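>>> predicted model follows, preceded by the sequence.
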Amino acid sequence: MTDEDMDKKILELSKIPGVGVRFSKRLYDAGYKTPEDLKYATEEDLLKISGMTRERAKTILSSVKETILEEKEEEEIEKTISDMQKEISEIEESVSRGEEIKFKVVKARAELAPVILPDEEEIKKEEEEKIPETPPAPAPKKKPTIISTAGTSPEAGEKEKPTKKRPVIRGEIKKPATIKHAKAIAVCLLAVILISTVIFVYFASQNREPIIVDGNFSDWSDKIRYKETQACAVPDIQITSESVLYASNTLYFFVEVNGFMFNGANDGVDALMIFVDADADAQTGYSIASGGADYRIELIGWNLEVVKAIYYRYNGSNEQNDWNAWVNCGQVKFVVNKNVIEGRVVIEASNPRCLFYMKHTDANTDVVFQTTYVYPQSPMLHVCAKLTENRIITKGVENPIVTLEFTAKGGYISLRNISLLNFSYGTISCKFLSGSTSYFPWILSENLPQTIQVLLTPDDGISTGNSIDVNGVSVDADCPVLINHISGKFYIETAPGGIHIDGVFDDWKNITDIIDSTDENIPDSVNIVRAKTAMSESAFYIETKSAMLAGVEVPLGKLVRKTENASTNATAGNLYGFDYIRVYIDTAPSQNSKNSSAGIVNGYLIEIAGMSGRIYEKSIYRIENGDKNRIDNEINAANNASAIELMASLVLPSDAVCYFETWSVYDVGDVLIPVVPITRYYHNQNQGSFGSFWQIGSTDATISTFVTGDFNNDGWDDILAVTASASPDVILFLNNNGAGFTNARQWDFSSTDVYACAVGDFDRNGWLDAIIGTKANSGSSSDKTELRALNNTNFNFAIHDIANLDTDINSISVVDINMDGYPDFVCGCGTYSGYEVLAFINSRSGFSFTQNNLANPNKLVYCVTADTLNSHPMPEVVYGTEGNSSKELVVLQNSGSWQEKFYTGDGNKVYDVCIRDLNNDGTNDIVYCTGNKKLYVAIAIGSFSYDVSTIATFSSEPTTMAICDFDNDGYQDIIVGCNDGTLYGFE
C-alpha cells in the first residue's frame, strides 16, 4: 500500500464523529484501517488505544453502527426503486407492442425507507417551477421519471391505499386487455405518478429547513438580528450583527463583520467561535461570560478562506474550566461571502443561548471581540447590576442601594418590574435616571443603555446598627434576561468601624487612592487602575480596568497558519485561564527590596485566583530569608464588578510596604504561558497616612525650596536646594544614575536668606539655568537685588542680576506665558505696593525681562506655579497665600485679564504648590502642602473643577516640594522638604 492510499484511509477514519485527526492515525496503527473494521470492535478494544476515553469510544462505535445501518437501508431502498422501475419499463414495452399486460404488486418497505428529502437546490427549483397538468395524451414513448412516495408522509400513504384494491393491481388479469384498454391503464398509471410527485413536493416543502445554507442569506431577512456597537481595532473581527435560530435539533447561525470574514490581515489568522449554552444553565458546561457552554463551534481561516470548521461538545463532568474536555462532534456546514457567514450544526438543546467570539492574531497583535449571550430569535435584555458604595441606610427616606444599567438586544423590550430577591426589610421603589419614562412598563429601545436605581425605605422597626443583606435582583421583562449576581451588606444609620469584607467598598472611601492609569498592553481584567491599603488591619483593595477575575476564558495562544488543525489550542493542564491577584508584603523594607517584590527577604504573599468573576483559590505564604512556604492563615475576600477587597489574619508592622501584582495564565500544549505580570510598588498608606520614606540629604537650616532638572546633561534629574540662614545657602545635589545623590556644587548669598529658585534654559544654549529669589535686602546698594540668575554653560555657572523689588521673593515658577518659545517666569512676593503675583517676560536677549503685574490678593504669597490646565492651550497661574481665610489656593486663568477661576482653603497657609498630571488622564492636577502639616492633591474632574483629598500628614510643616519621575519607571514621584531639614520621597 502506498503512502497516498494510507493517507486516504486515515482521512476517511477522521471523518467519523469522535475520531478526528488526533485519533485517526492511532486507529489505523491499531488495525482499524476502514470504518468497516470498527464494526465488531468493543469499548474495551478501543480503550487500549493511547489517549482514548470511554466517552470517546462510545461516540465512535455509535457513529460507526449508525453509518453501517444507513448504508444498508440505502442499498435496500435502491433495490426497491430499481424493481419498481423495471416493472414500469415492462409495462411501457407491453403497451407499445399491444401485448397483454401483467401487473405485480411492489410493496412499499416503510421499515426500510426513511424520510428522503430532495437536495436543497432541487426543492428550491421545484418550488419555482409550475407543476404541469396531466395531458390527455397517449402513453409516453420515453421512460417516465418515477419518484417513490414510500415512507415520505402519512398523506402519501393514504393516496396509495385505494389503488391497492383495484383488481388490475392486486394480481394477474385473467381477461386479455385491448390496446385501447392498455393505453387507458397507462394513462391512469402516469396520473397516479404525477399526483404522487405533487404530494411529495408539497410535503417536502412543508418540512424544508428554515434556513438554507447556500450563501444567499435571504433566509435571514425576516429573522431577528442582534446589532453590536462596540469598537474594535481590527475591522475583520468587529461583529456588526449576529443572528441565531434553533429548529429540529439544528442550530443555524449568521455573523456579519465590519471588514472581511477570515481575512487574516498582516499574515495573521482570524477565528470565529460560537459558544452554545444549550440549557441556559451557568452551572453546566464550560464556564465563560457567566454562562455554561455545552457546545463550541469553531472556524479558523485566512486569505478569505476557512481552513478549519469543527464543532465540539463539552464533556467536563463537574469541572467547568477544563479546555481539554471538548469532544469533536464533526464538521460545520457553512458558507462565507465577503463579510458574512452562515452555517448550521446538529445539537441537542432545551433552551439554547449563544455567545459570539472572534479573535485576530498576527506577529504583533492579539485582538479579541466578544458579544454577550443572545437567545435564538428572541429579543434579549442585558442588565449590569452594581451595589452603591454608600453602606449607610437612613430611616424614613429612600436610600439608593443598587444601580442597574439595561441594554435591549434584538428589538424593543418591555421592562415590567424590578425586585430584590428574598428581601423583606422595607419598601422598595425605583428611580429612573435616564429616558423620558418614570413608570413601569418601561419600553427600551435597542442598544440604547438606560439606568435605574433601586431605592430602599427601611422599616421603622429595624434597630440602628443592624445589617441588611442584599442577595440579587430579579428583573421582569417580556423577553429572556441576563443579569449578573450581586450581594453585599448595608447598615442602618451607622456602620461598624474599620474595614469589612462585604463587596460594598464604602469603608475604603476615606483611605487615599493609589492611582495607576498607565495603559499596558494586557487584558483589562488584570490592568490595575486603583489600589488602597489598610496595613493596620491587613486589608487591601484592588480595582482593575474591567471585570475583576474575569480570566482568559478562551485559552487560545497565538493562532498559527497551519493547514492541519489550524491553531495552537490549549491541550493540557487546568491552570490556564485564571486571573491572579497577588499582594506582596515586605515586613522589613530596605533599599534592596524597594524596586521589586523579588528583593523581599521577610514578609508575606497573599494570592487570589479566579475566573468568570468567581474566586477559586485563596492562599497565604510566609517569606523567611527569601524562602516562601504556604501557611494556613485565614483570608477573607469579596469581589464586585471590577474591584476586590481582601483581609488576611496577619499582624503587620506599621512600616511594612506592599506590591500589587496581577497575572493572567493559560496553557498551550504542555507549556504554561503567562501574560506578562504587571507589578506596582506602593508604600503603606496606613489608612490615610501615606509614606514610607528614605532620606536623601540634610542641611544645617530650614530648606526654603528646591527644584529638579538635569544640570549636567547626563540623563538623570538632579536637585537644586536653597536654605534660609545657612552657609552655603544654594546646594546642587547630582543624581548618581538612580543610586543616590552627591553634594556637588555650592553657592553662598551671605548678605541675605534665599527663599526661592526655579530652572529653565533662558538663553537657549542647551544647559539649564536657575533663577534665585531672596529675602528683601536692606544691605548695601550692590546687595539689594532680590532676583538673580545662575547662568549655566557647559556645567559652569555665572551669577547675573535680574531685578530689585524691595520685597521678599517667596516663590518662582518658570513658564512660557506668551507662548513665544522663550521661557518666562512668575513669582510670588511678600507685602508689596500694588501686586504680590508678578510675571517676568523674557526679552530674548541674555537675562533681560519685562515685569507684568498679575494679581493683588493683599496678603503674603508663599508660592506660585504655572502650567496648562483644563486643556486650555495657554498656561494658567496657581498661587498659595497665608492663612486666615477660605481662599489660600487660587487659580488664575490666562485670558488677558487673569481672572480667578477656582479657589479653596481651610484657613492654613499654603507653603508650596505644583501642577502635574498625577493620574495620567491627560489633564493636569494640583498638589500643595499647608501649614497644618498636610500634603493635599486636587484631581481635575472638570473645567476648573477639582476633587481635593489628603495624601499625607507629617510631624513638621512641609515647606517645599517637587514632582518628577526620579526612578525612570514612568510614574510621577513626589519629594517633600520639611522645616526640620528632612527630605521625604513618595512613589
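Received it, and whenever you're ready, just let me know what you need.
>>> in what helix or strand does the residue lying closest to residue 788 once chain neighbours are set aside lie?
Nearest non-adjacent residue to residue 788, counting by C-beta to C-beta, 6 or more residues apart in numbering: residue 772, 4.6 Å away. (Glycine included, C-beta is placed from N, CA and C.) Assigned by DSSP states H and E, residue 772 belongs to strand 769-774.
>>> using CSV, write out every CA atom in that strand.
Output in CSV follows, covering the C-alpha atoms of strand 769-774 (Å, rounded to 0.1, in the frame of the first residue of the first chain):
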residue,chain,number,x,y,z
ASP,A,769,19.9,77.9,34.2
ALA,A,770,18.4,78.9,37.6
ILE,A,771,16.6,81.9,38.9
ILE,A,772,17.2,82.7,42.6
GLY,A,773,14.9,84.8,44.8
THR,A,774,15.9,86.2,48.2
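>>> the helices in this protein, which residues?
3-14, 20-29, 43-47, 54-97, 120-128, 154-164, 167-170, 179-206 (DSSP state H).
>>> what's the burial count for the closest residue to residue 876 other than its chain neighbours?
Closest residue to residue 876 apart from its sequence neighbours, by C-beta to C-beta, 6+ apart: residue 869 at 4.7 Å. Using other C-beta atoms under 10 Å, residue 869 is surrounded by 26 other residues.
>>> before we move on, the earlier item: which other residues reach the strand holding residue 772?
Contact with strand 769-774 is made by 707, 720, 722, 730, 749, 752-763, 786-792, 802, 808-812, 814, 825, 827, as judged by C-beta atoms under 8 Å, 6 or more residues apart in numbering.
>>> follow-up on the earlier one: any idea how far the residue nearest to residue 788 lies from residue 827?
Between residue 772 and residue 827 the distance is 11 Å, computed by C-beta to C-beta, to the nearest Å.
>>> OK, contacts around residue 369?
With contact taken as C-beta under 8 Å, 6+ apart, residue 369 is in contact with 230, 232, 234, 237, 238, 239, 357, 358, 359.
>>> mind listing which of those residues are in strands?
If you go by DSSP state E, the contacts of residue 369 have 239, 357, 358, 359 in strands.
>>> tabulate those (TSV), appending distance to residue 616, neighbour count and pLDDT.
As requested, the ones in strands among the contacts of residue 369 are exported to TSV (distance: C-beta to C-beta, whole Å; neighbours: other C-beta atoms under 10 Å; pLDDT from 0 to 100):
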residue	distance to residue 616	neighbour count	pLDDT
239	30	21	97
357	22	23	95
358	27	25	96
359	24	22	93
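>>> wait, which of those is closest to residue 297?
Closest to residue 297 out of the ones in strands among the contacts of residue 369 is residue 357 (10.0 Å), distances taken as C-beta to C-beta.
>>> identify the spatial nearest neighbour of that closest one, chain neighbours not counted.
Among residues not flanking residue 357 along the chain, residue 273 sits closest, at 4.4 Å (C-beta to C-beta, 6+ apart).
>>> can you tell me how far the one you found is from residue 331?
Plainly put, residue 273 is 16 Å away from residue 331 if you go by C-beta to C-beta.
>>> same drill for those two, tell me which one is more crowded.
A side-by-side neighbour count of residue 273 and residue 331, using other C-beta under 10 Å, places residue 273 first with 21 against 13.
>>> Provide a list of residues in contact with the more buried one.
Going by C-beta under 8 Å, 6+ apart, residue 273 touches 296, 297, 298, 299, 356, 357, 358, 359, 554.
>>> related to what we said a few turns ago, may I have the beta-bridge partners of the residue nearest to residue 357?
Beta-bridge pairing for residue 273 (DSSP bridges): residue 298, residue 357.
>>> pLDDT score for it?
Note on residue 273: pLDDT of 97.
>>> just residue 770 next, same as before
In this model, residue 770 is scored at 90, pLDDT.
>>> one more: residue 286?
At residue 286, the pLDDT value in this model is 90.
>>> neighbours around it, how many?
By the criterion of other C-beta under 10 Å, residue 286 has 25 neighbours.
>>> touching, it and residue 275? I think so.
Yes - with contact defined as C-beta atoms under 8 Å, residue 286 reaches residue 275; the gap is 7.2 Å.
>>> which of the contacts of strand 769-774 are buried?
Using 16 or more other C-beta atoms under 10 Å as the burial test, the contacts of strand 769-774 include 707, 720, 722, 730, 749, 752-760, 762-763, 786-792, 802, 808-812, 814, 825, 827 as buried.
>>> partner residues bridging the nearest residue to residue 291 once chain neighbours are set aside?
Closest residue to residue 291 apart from its sequence neighbours, by C-beta to C-beta, 6+ apart: residue 277 at 4.5 Å. For residue 277, the beta-bridge partners are residue 353 (DSSP bridges).
>>> mind checking how far the residue nearest to residue 31 when sequence neighbours are not counted is from residue 820?
Among residues not flanking residue 31 along the chain, residue 37 sits closest, at 6.9 Å (C-beta to C-beta, 6+ apart). Applying C-beta to C-beta, the value for residue 37 to residue 820 is 89 Å.
>>> between these two, who's got more neighbours?
Taking neighbours as other C-beta under 10 Å, residue 37 and residue 820 compare with residue 37 leading, 16 against 11.
>>> so what's residue 808 up against?
If you count contacts by C-beta under 8 Å, 6+ apart, residue 808 has them with 755, 774, 775, 776, 786, 829, 830, 860.
>>> what about the third one, neighbour count?
What it means is residue 775. Neighbour count of residue 775, defined by other C-beta under 10 Å: 21.
>>> just to revisit the earlier point, show me the contacts for the residue nearest to residue 291.
285, 291, 292, 293, 294, 352, 353, 354, 355, 373.
>>> could I get the residues you listed as TSV with distance to residue 510 and neighbour count?
Formatted as TSV, the contacts of residue 277 follow (distance: C-beta to C-beta, whole Å; neighbours: other C-beta atoms under 10 Å):
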residue	distance to residue 510	neighbour count
285	43	24
291	38	24
292	40	22
293	43	29
294	47	23
352	48	21
353	43	24
354	45	26
355	40	22
373	39	24
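>>> pretty sure residue 797 sits against residue 789.
No - counting by C-beta under 8 Å, residue 797 does not reach residue 789; the two are 9.5 Å apart.
>>> list the contacts of residue 432.
Contacts for residue 432 (C-beta under 8 Å, 6+ apart) come out as 438, 439, 442, 450, 452.
>>> ok, of those residues, which come out buried?
Among the contacts of residue 432, those classed as buried by 16+ other C-beta under 10 Å are 442, 450, 452.
>>> please tabulate those residues in JSON lines and include distance to residue 912 as additional columns.
Listed next are the buried ones among the contacts of residue 432 as JSON lines, based on distance: C-beta to C-beta, whole Å:
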{"residue": "442", "distance to residue 912": "53"}
{"residue": "450", "distance to residue 912": "47"}
{"residue": "452", "distance to residue 912": "47"}
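>>> and those residues, which of them are in strands?
Those of these mapping onto strands are 442, 450, 452, per DSSP E.
>>> which one of these is nearest to residue 876?
Looking across those and measuring by C-beta to C-beta, the closest to residue 876 is residue 450, at 38.6 Å.
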